[in-house]
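> Need the 3D shape of this:
(2 chains)
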Amino acid sequence: MHRFPLLFLAVFFFVFAFSVANAEPAVSKPAPLFSGAAADGGTVTLADLRGKTVILEWTNHECPFVKKHYESGNIQGLQKQAAAQGVVWLQVISSAPGKQGYVDGETARKANIERGATPANTVLDSTGAIGKLYGATNTPQFFIINPQGVLVYKGGIDSIASTDKADVARAENYISAALKDLASGKPIAKSSTKPYGCSVKYAG
Amino acid sequence: MFNARLFPLIVAFILSTSGLHAVAASSEAATGQVKAQLIASADAVHPGDEILIGVRQSIIPHWHTYWVNPGDSGLATRIEYDLPPGSAAGEIQWPTPSRISMGSVVNYGYQNEVTLLSTLNIPGDSVAGSAFPVKARVNWLVCKEECIPQQVELQLTLPVVGPGAAIGTGSPLIAQARAGLPVASPWSFRLEKIGDRLSLRISGKAAQWAGLKDIWFYPEQWGRIAHGADQISKVSGDVLELQLKPGDDPLASGGMLAGVLAVTENSGEGAATRGYRVDVVLEAAAVPPDHSAAQSDLPLSSALLLALAGGVILNLMPCVFPILSFKALSLLTHAQQSRAEVRLHGLAYTLGILLSFAILGGLLILLKAGGAQIGWGFQFQSPLFVLAVAYLMFAVGLSLSGVFSLGGAFTGVGSGLAQRSGYTGSFFTGVLATVVATPCTAPFMGAALGFALTQPPAILLAVFLGLGLGLALPYLLLCYWPSLQRCLPKPGVWMDRLKQFLAFPMYGAAVWLVWVLAQQAGVNAAAVALGGMIAIAFAAWLYEISKTHGTQVRYPCMGFVALALVAAVLGGYFGIQAPLSAITAKNANTQDKRWETYSTGRLQQLRAQGKPVFVNFTAAWCISCLVNEQVALSQTSVKNAFETFGITYLKGDWTNRDQEITGVLAEFGRGGVPLYLYYPAGTSAYPVVLPQILTPEIVIESIRVAASPGSAVSQ
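Have a look, this model is predicted:
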C-alpha cells in the first residue's frame, strides 16, 4: 500500500528532474525548440531553420549596453557579416508589456530601420517564455545554434563589460570570432562567455 | 612671513574646528539616483602613512549598484584613482552584498548605501606642509528595472603634516564601512562535486546553525555557480551543507572557489548579516574520502548494525561484566521456574535496558536541541551523577555480600507480588547495566554513536535502541533458548560463594568512581563520598538486622536507616562542588609529564611549524582510555618512538565538560572518548586516526608508516 505512492513520487521526480535538466541550454547540447510571433506579423519556428546556422540576440533598445553596441555600429556590422555567411540572425525581445524595451512589431521594425540594423527577423517574446527556455539574463546576450540544431555558443558580445562606446574597439569581440570560426568550419574557440548588460525585463 | 614649523599646528587647529572639517574630508557629487562622496580615514596625513579612502554611494530607494561579481547581469562599480606620483590605491574592499532578484535574473549588489574602501599609501618623501590631492573617477551602473550608467569625478585634498602632528579621525563613515566588510571565517570548508551539484560543507557548531535565518554564498567570479539557483542548506549536527548549482563557467577539480558567505542570524536586535570570506578548493573526485566524512556518511543500516554489535561487545567491558554475571547468576536461581517465567525475566531485563537507552537518547536529543555540546558518557561529566553511581555500585556490592537483601521485605505480601518484584528486579538490572555501560565506549560503538549524534532525533533514537538491544541480547538469548541454559552449571552452594565474590568487582567499580570524583571535584569530594558510603553501609546493616524484629524495634531503626541515607545523599549534594575548569588543569601536574595539555591553539601552532603531534583525548571515567594509556601509551617502546620522531604529545581531558574537545571529537565523527590522532610531520599532512583499542605495536606502526615518505598523502 505504501510502496505505490513512493514509487509514483520517485518516477515523478525523475521525470521532472530529467525534463528540467533537458531544458537547460548547454553548449554542445541540442538547443531548445521554440516558436514565436515575429515583428513582420508571421511566426518564427526554430525547427523550420534546421540546416542553417542561427544567432539569437536578446535585446532591449532602451538598455544602455544595447545602445552602446548599436550606436557604435558594432551589432549592425555583425549582422551584415552573419548575413554574408548565410547565418540567420534573430533578435529576441523578452521585455514584458509595460517594461523597458517592450515593443510591438511595428515599433521594432522602425527602430531597426532607424539604427540601420538588418536582422533576419525579430521575435516578440512578451511572455518571456523563450527567454526563460534559454535562460537569457542579459541584453545583449547571444546564442548560436548550428545547422544540426546544436547550441554552439552562449554568452556575451565582447570582453569589456562597460557602457563606454570607446571600449568596443578595444574589446575582444566574441561574436565576430565565433562567426569566423564557423566560416572556416572550426569549432568555436570561446563557446561560453560571460554576458554583460541589463537584466532581461521579464514579467513578474 | 610664514613659519613652516608652525604649519602642522595650524593644520591641527583648523582640523579641530568642525566647519572646515567637512570640506577638507570629502567631496561630493550627485546624480538623480546616487549621491557619491569621497571620504578618508584621516583628516591629514604623515609622509609614509597608509590610510583608507573610499567612495560612499547613497542610493535612492528601489535602485541598486553592483558587487564585484554583479551576478546574472549588471556591472560592478569602478573607481579610478588619480594620485600624486609614488602613491597607489589598493583594490576595492567589497562589503558583503545582497541579492537583488528580478524574476529569474538574480543580481548581487547594494541598495540604499555602500562604501567602497581602498588602502592608500602616502609616499615617504611627501613634504610636510604640502597638500595631497586624491582624485577619483567613479563609474557605476545603477539599476531599478532599467539601468543607467553614470560617472562622477570626486576630489579630496589631505594636508601632509609632520611626524607627531595630529591627523584627525577622518570620516566616521569609514569605520562603519569596515564593519560591513567580510571577515575571516571561523569555520573550515570542504567543497565536493556530488552529482550535478557542488556541495559546500561548513564545519561549525550545531548551536550556531540553530539561530540561522538565511545563508547565501556569493561567488567572487561570474559563472562559478548559477547565480539565481536555490542554495539548498542542510544541517546535520555541526556541519551545514550548502548545495550549489554550477554555473556557465564551472570549476574544474582543484580549482578555487572564492567568495563570501553571508550569514543572517536572528539576534537580540533583529536579524543581522555578516559576511565571511571563503576560499575553498574543489576536491578531486578521486581523493580518498576523509575519515570524518566516511564515518558521518555511514548509511543508517550499517550504523544500526554497528550499534547492535557495539552493544553486544559492551557486555564484555569491565564496567558491565559484573552486572552481566550477576544477571546470569539470577538466571540459575530462576532455572527451576517455567520457561515462560524465564522468558519474562529476559524481556523485563531487555525492557529495562531499552527504556534506559531511550531515556538517555531522549536526554541527548533535548540537550542537543538546547544547543549543548555533549557526547557519549556526557552524564559522567557531572560529579553528582558519578557520586550517585558510586553509591549505587557500593549498595549493590553490599547486597551481593549479603549485608542486606531487599527481597525479604516483600515475602509476607504474597507470592504474586514477589513474582512481580522479581520481574521488577530484572527490569532494574537492565537499567543498572545501561548506567554502568556508558563510560565504556566499545570498538564499533564510536562510529555508530558519532553518526547518531549528527543525525535527526528519530535516527539517533534508533541507533541508541540498537545499542541497547545489543547489550540485552546475550541474556535474552539465554532466556529464550533453554539449550543454552543447559550449558550453565547446576545450582548449589557455589552460587552463593560466586555471588559474594561478585561483590568485589562492584566495590572495585565504586572505588574507581570515587577516584573519578576526586579528579572532577577534588580530594574533599572523595572524603564526602567515602563518608556517604559508611552511612549507606550502616543503613544497610541496620535495615537487615531490624527486619526480623517487631514493629517497636523496626520503626525506630528504619528512622535511623532513612536518616543515614539522607545524610549520605545530602552530604554528597552539598559537599561536592565542582570548580570545573580549575580541575582539569590540575591534572596536568603529575610527575612523569611527557605530555602537554591539549588546546586547539597549541595544536595549530605545532602544525604550523610542521611538527608531528600525537593527540590523546581521554577522560578519567573512560576505562578504555585508562587501559590504553597503561598498556600502550606509557610503554617505554612508545615513549622512545615519540622521542625518536620528535613527536609532541598533547592530552585533551574530557573528564569535565569541554566545548573545544567536543568540537574536535565531532569533527572526527565521534561522540565520545577515546580518540587518538597522529599528525605526521609537515604542514599539509592528514591526521591519522588510531583505533580505539591500542597496543604499543599499533601506536608505533602508525607513527612509522605515516612518517615514511609518500604515505601521508594516502591517508
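> Chain A: helices as residue ranges?
Assigned by DSSP state H, the helices in chain A fall at A:3-23, A:64-71, A:74-84, A:105-115, A:129-134, A:166-170, A:174-183.
> The fourth one: which residues count as buried?
The reference is to helix A:105-115. Judged by neighbour count using 16 or more other Cβ atoms under 10 Å in any protein chain shown, the buried positions of helix A:105-115 are A:108-109, A:111-112. Using the backbone N, CA and C atoms, a C-beta is placed for each residue, glycine as well.
> State the phi and psi torsions of B:Leu314.
The phi and psi torsions at B:Leu314 (degrees, to the nearest 10) take the values phi -50, psi -30.
> That one: neighbouring residues, count only.
Neighbour count of B:Leu314, defined by other Cβ atoms under 10 Å in any protein chain shown: 26.
> elements contacting the helix or strand where B:Ala568 lies?
Assigned by DSSP states H and E, B:Ala568 belongs to helix B:551-575. Here helix B:551-575 touches helix B:383-401, helix B:523-547, going by 3 or more Cβ pairs under 8 Å, 6 or more residues apart in numbering or on different chains; DSSP states H and E.
> contacting residues for the residue lying closest to A:Thr53 once chain neighbours are set aside?
Nearest non-adjacent residue to A:Thr53, counting by Cβ to Cβ, 6 or more residues apart in numbering or on different chains: A:Val87, 4.5 Å away. Contact partners of A:Val87, counting by Cβ atoms under 8 Å, 6 or more residues apart in numbering or on different chains, are A:52-55, A:179, A:182.
> try 10 Å
A:Val87 sits next to A:52-55, A:78-79, A:81, A:120, A:144-145, A:147, A:178-179, A:182-183 when contact means Cβ atoms under 10 Å, 6 or more residues apart in numbering or on different chains.
> Can you flag the buried ones in the residues you listed?
Buried among these (16+ other Cβ under 10 Å): A:53-55, A:78-79, A:81, A:120, A:144-145, A:178-179, A:182.
> Out of those residues, which is nearest to chain B?
Each of the buried ones among the contacts of A:Val87 was scored against chain B by Cβ to the nearest Cβ, and A:Ile144 proved nearest at 14.5 Å.
> and the nearest residue to the closest one once chain neighbours are set aside, how many neighbours?
Leaving aside its chain neighbours, A:Ile144 sits nearest to A:Tyr153 (3.7 Å; criterion: Cβ to Cβ, 6+ apart). Applying other Cβ under 10 Å, we find 24 residues neighbouring A:Tyr153.
> Mind pulling up the pLDDT for A:Tyr153?
Per-residue pLDDT puts A:Tyr153 at 95.
> Could you check how far the residue nearest to A:Thr53 is from chain B?
23 Å (Cβ to the nearest Cβ, to the nearest Å).
> Please list all residues in contact with B:Gln630.
No contacts exist for B:Gln630 under Cβ under 10 Å, 6+ apart.
> and the closest residue to chain A within the stretch 451-600 of chain B, how many neighbours?
Residue nearest to chain A within the stretch 451-600 of chain B: B:Ala458 (17.0 Å; Cβ to the nearest Cβ). Counted with other Cβ under 10 Å, residues neighbouring B:Ala458 total 8.
> In which helix or strand does it reside?
Using DSSP H and E, B:Ala458 maps to helix B:457-480.
> So which other helices or strands are in contact with whichever helix or strand comes after that helix?
Next helix or strand after helix B:457-480 toward the C-terminus (DSSP H and E): helix B:482-485. For helix B:482-485, the elements it packs on are helix B:321-333, helix B:339-369, helix B:457-480, judged by 3 or more Cβ pairs under 10 Å, 6 or more residues apart in numbering or on different chains; DSSP states H and E.
> So for the chain, which residue is the most central one in space?
Here I'm looking at chain A. A:Leu56 (3.4 Å; Cα atoms, centre = their mean).
> That one: what's it in contact with?
A:25, A:31, A:34, A:46, A:88-92, A:123, A:130-131, A:134, A:136, A:141-145, A:151, A:153-154.
> what does B:Leu354 give?
B:430, B:434, B:464-465, B:467-469, B:471-472.
> Contacting chain A as well, which ones from these?
Among the contacts of B:Leu354, none lies close to chain A by the criterion of Cβ under 10 Å from any Cβ of the partner chain.
> in the sheet, who's paired with B:Leu261?
Beta-bridge pairing of B:Leu261, defined through DSSP bridges, involves B:Phe217, B:Tyr276.
> quick one: it from B:Gly254, how far?
21 Å (Cβ to Cβ, to the nearest Å).
> between those two, which one's more packed in?
Neighbour count, other Cβ under 10 Å: between B:Leu261 and B:Gly254, B:Leu261 has more, with 22 against 10.
> Help me confirm that that one comes into contact with B:Ala184.
No. Taking contacts as Cβ atoms under 10 Å, B:Leu261 lies outside contact range of B:Ala184: 11.4 Å.
> Now do the shared contacts for those two.
Common contacts of B:Leu261 and B:Ala184 (Cβ under 10 Å, 6+ apart): B:276-277.
> And chain B, what are its domain boundaries?
B:28-180, B:183-282, B:300-378+B:409-501, B:596-707 (the TED database).
> Quickly find the element holding the closest residue to B:Trp541 other than its chain neighbours.
Among residues not flanking B:Trp541 along the chain, B:Val403 sits closest, at 5.9 Å (Cβ to Cβ, 6+ apart). Remark: B:Val403 resides in no helix or strand, with elements defined by DSSP H and E.
> Just give me the neighbour total for B:Val403.
The burial count for B:Val403: 17, using other Cβ under 10 Å.
> what residues are up against it?
B:395, B:397, B:503, B:536-537, B:540-541, B:543-545.
> Leaving out sequence neighbours, find the closest residue to B:Trp595.
B:Tyr649 (4.1 Å).
> Give the other helices and strands that the helix or strand containing that neighbour contacts.
Here B:Tyr649 sits within strand B:648-653, counting by DSSP H and E. Other elements packing on strand B:648-653 under the criterion 3+ Cβ pairs under 10 Å, 6+ apart are helix B:580-586, strand B:596-597, helix B:600-608, strand B:613-618, helix B:636-644, helix B:659-667, strand B:675-679.
> could these go into TSV alongside mean pLDDT, mean neighbour count and distance to chain A?
TSV is the format used below for the helices and strands packed on strand B:648-653 (pLDDT from 0 to 100; neighbours: other Cβ atoms under 10 Å in any protein chain shown; distance: least, Cβ to the nearest Cβ, whole Å):
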stretch	mean pLDDT	mean neighbour count	distance to chain A
helix B:580-586	39	14	50
strand B:596-597	86	14	52
helix B:600-608	87	14	38
strand B:613-618	91	24	42
helix B:636-644	86	15	53
helix B:659-667	81	20	32
strand B:675-679	89	23	39
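> Contacts only, for the residue nearest to A:Lys80 when sequence neighbours are not counted.
With sequence-adjacent residues excluded and distances taken as Cβ to Cβ, 6+ apart, A:Lys80 is closest to A:Thr118, at 6.5 Å. For A:Thr118, the contacting residues are A:75-76, A:79-80, A:82-83, A:89, A:112, by Cβ under 10 Å, 6+ apart.
> can you give me phi and psi for A:Thr118?
With angles defined as degrees, to the nearest 10, A:Thr118 shows backbone torsions of phi -130, psi 60.
> Per-residue pLDDT of it, please?
95.
> for B:Val55, same thing?
95.
> Check which helix or strand B:Ala309 maps to.
Using DSSP H and E, B:Ala309 sits in helix B:300-314.
> Would you mind pulling up the elements that that helix packs against?
Judged by 3+ Cβ pairs under 10 Å, 6+ apart, the packing partners of helix B:300-314 are helix B:339-369, helix B:415-437, helix B:445-453, helix B:457-480.
> Highest mean neighbour count out of these?
helix B:445-453 (a mean of 27; mean count of other Cβ atoms under 10 Å in any protein chain shown).
> Rounded mean pLDDT for that one, please.
64.
> ok, back up a step: JSON lines for the helices of chain A, including mean pLDDT?
Output for the helices of chain A, formatted as JSON lines (pLDDT from 0 to 100):
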{"stretch": "helix A:3-23", "mean pLDDT": "37"}
{"stretch": "helix A:64-71", "mean pLDDT": "94"}
{"stretch": "helix A:74-84", "mean pLDDT": "95"}
{"stretch": "helix A:105-115", "mean pLDDT": "93"}
{"stretch": "helix A:129-134", "mean pLDDT": "91"}
{"stretch": "helix A:166-170", "mean pLDDT": "92"}
{"stretch": "helix A:174-183", "mean pLDDT": "94"}
